[in-house]
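A.B. asks: Show me how the following folds:
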Amino acid sequence: MTLRSPRRRLVAFAALGLTAALPLAACSSSSSDEAASSDETTSLDMVLAWYPDPESGGFYAAEAAGAYDEAGIDMTFTPGGPNVSATQIVASGRSEFGMTDAAGILEARAEGIPVVAIAAMYQINPVGVMVHASQNIDGFEDMTDMTFISQTGQAGPEWVGRELGVELQTQAYSGSIANFINDDSLVQQGWPTNEVYQALEQGVETDFFPYAEAGFNPYNDVIFTTEDFLAENPDVVSDFLEVSMQGWSDYMSDIDAATAGNDALLAANEEQSSELTWFAWDQQREYVVAEEGADQLGAMTEERWSTLIDQLVELDRLEEPLDAAEAFDASFLPDIAAPTELPDAPEGSY
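C.D. replies: Sure, this is the predicted structure:
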């Protein structure tokens with residue numbers, strides 16, 4: 001089967017809904033102030049945004065290259081998933097770092113959980129919807145009266161309905177795209193990686209529209225820690241980001257590093273196929289390197305955070321505005337630019 005790449009757009013999909021954050025009576029700082037062992041190795045853990053897949057590929061590439069070891073970091077990764085709250089785990093001190101979307105950071109802070117974003121991997125948020133290419137849809141405005149299959153509580157469809165006046169019918173997304181495959185009138189929430197590949201496997205060509213095209217574009221795959229850990233361990237945070245951002249640069253631009261990283265992902269997640277891994281590696285890179293991320297991997301701006309805060313207040317996801325400057329700190333990011341040349345995936349990899 002000849003695979004057809006999904007429609008690519010420079011303005012990408014917006015974040016999934018708010019990450020659940022249960023109230024905490026007290027938020028302890030990370031236990032990593034005791035992590036340094038006698039041989040000066042620092043043990044760190046990061047809760048991933050999802051199970052091991054190319055979404056976390058740059059970290060696994062760095063680990064496969066031995067870069068964390070060379071920096072004196074004993075690095076481990078805790079898989080995420082639908083029932084994992086990274087903000088709760090990090091706030092309780094069980095992990096030093098976590099990943100979520102920007103909305104999840106703001107919701108946690110609104111609940112009194114003092115997490116702070118330190119990097120954003122997806123400069124353009126890849127979450128959006130796909131439609132059957134046979135429908136000849138040019139944008140969200142053409143989806144009026146169609147049924148959106150989306151996870152309960154997602155902000156993207158709500159924003160599309162409110163801002164564009166698109167009358168939306170919704171159907172709960174259970175994790176399977178079977179209904180979408182068999183009904184070309186449906187609109188399927190997803191990523192331009194996983195869901196698009198699943199459709200291609202079944203011979204269905206799709207067009208993909210990120211929610212960002214409707215003006216809702218929060219940072220995604222945001223790396224965060226607690227305020228206390230950041231204040232007490234600035235050198236550890238700097239070293240961790242230095243290694244991680246270089247790992248991401250290599251993972252996106254060097255086939256050998258990508259191969260090593262993808263092999264490590266496949267070893268860590270037996271549910272992931274090699275073909276899907278390479279497809280996702282290829283498709284996701286434009287969302288990492290785009291626009292504001294071109295000069296510095298992981299970059300964040302106060303303007304982007306302020307815009308999201310205003311949008312979440314408008315959507316009644318936040319009761320009142322938060323201070324954007326307190327939600328993130330990009331000062332620990334290394335000066336590593338996004339690669340300007342992105343090689344094609346190896347022939348026959350997907």
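A.B. asks: drop to CA atoms for contacts and neighbour counts, all remaining ones
C.D. replies: OK.
A.B. asks: So, low pLDDT: which residues of the stretch 1-150 of the chain?
C.D. replies: For the stretch 1-150 of the chain, the stretches with pLDDT under 70 are 1-39.
A.B. asks: now the helices for it?
C.D. replies: Assigned by DSSP state H, counting those that start in this stretch, the helices in the stretch 1-150 of the chain fall at 57-64, 67-70, 86-91, 102-110.
A.B. asks: repeat for the stretch 251-350 of the chain
C.D. replies: Under DSSP H, counting those that start in this stretch, the stretch 251-350 of the chain gives helices at 255-268, 274-289, 302-314, 324-327.
A.B. asks: now residue 226, nearest residue through space, not along the chain?
C.D. replies: Once flanking residues are discounted, residue 226 sits nearest to residue 115: 4.3 Å by Cα to Cα, 6 or more residues apart in numbering.
A.B. asks: Am I right that that neighbour is in contact with residue 227?
C.D. replies: Yes: taking contacts as Cα atoms under 8 Å, residue 115 lies within contact range of residue 227: 5.8 Å.
A.B. asks: neighbour count winner among these two?
C.D. replies: Neighbours per residue (other Cα atoms under 10 Å) separate residue 115 from residue 227, with residue 115 holding more: 29 against 20.
A.B. asks: starting at the chain centroid, how far to stretch 146-156?
C.D. replies: Chain-centre distance of stretch 146-156: 18 Å, with Cα atoms, centre = their mean, to the nearest Å.
A.B. asks: Return it as PDB; C-alpha atoms alone will do.
C.D. replies: C-alpha atoms of stretch 146-156 as PDB (Å, rounded to 0.1, in the frame of the first residue of the first chain):
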ATOM      1  CA  MET A 146     -21.100  16.700  11.200                       C
ATOM      2  CA  THR A 147     -20.500  14.500  14.300                       C
ATOM      3  CA  PHE A 148     -17.100  14.900  16.100                       C
ATOM      4  CA  ILE A 149     -15.700  11.900  17.800                       C
ATOM      5  CA  SER A 150     -13.800  13.400  20.700                       C
ATOM      6  CA  GLN A 151     -12.800  12.700  24.200                       C
ATOM      7  CA  THR A 152     -15.100  14.000  26.800                       C
ATOM      8  CA  GLY A 153     -14.200  17.500  28.000                       C
ATOM      9  CA  GLN A 154     -11.900  18.400  25.200                       C
ATOM     10  CA  ALA A 155     -11.500  22.200  24.800                       C
ATOM     11  CA  GLY A 156     -10.700  22.100  21.000                       C
END
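A.B. asks: most centrally placed residue in this structure?
C.D. replies: Closest residue to the average C-alpha location of the chain: residue 221 at 2.8 Å, with Cα atoms, centre = their mean.
A.B. asks: If I look at that one, what pLDDT would I see?
C.D. replies: As predicted, residue 221 sits at a pLDDT of 98.
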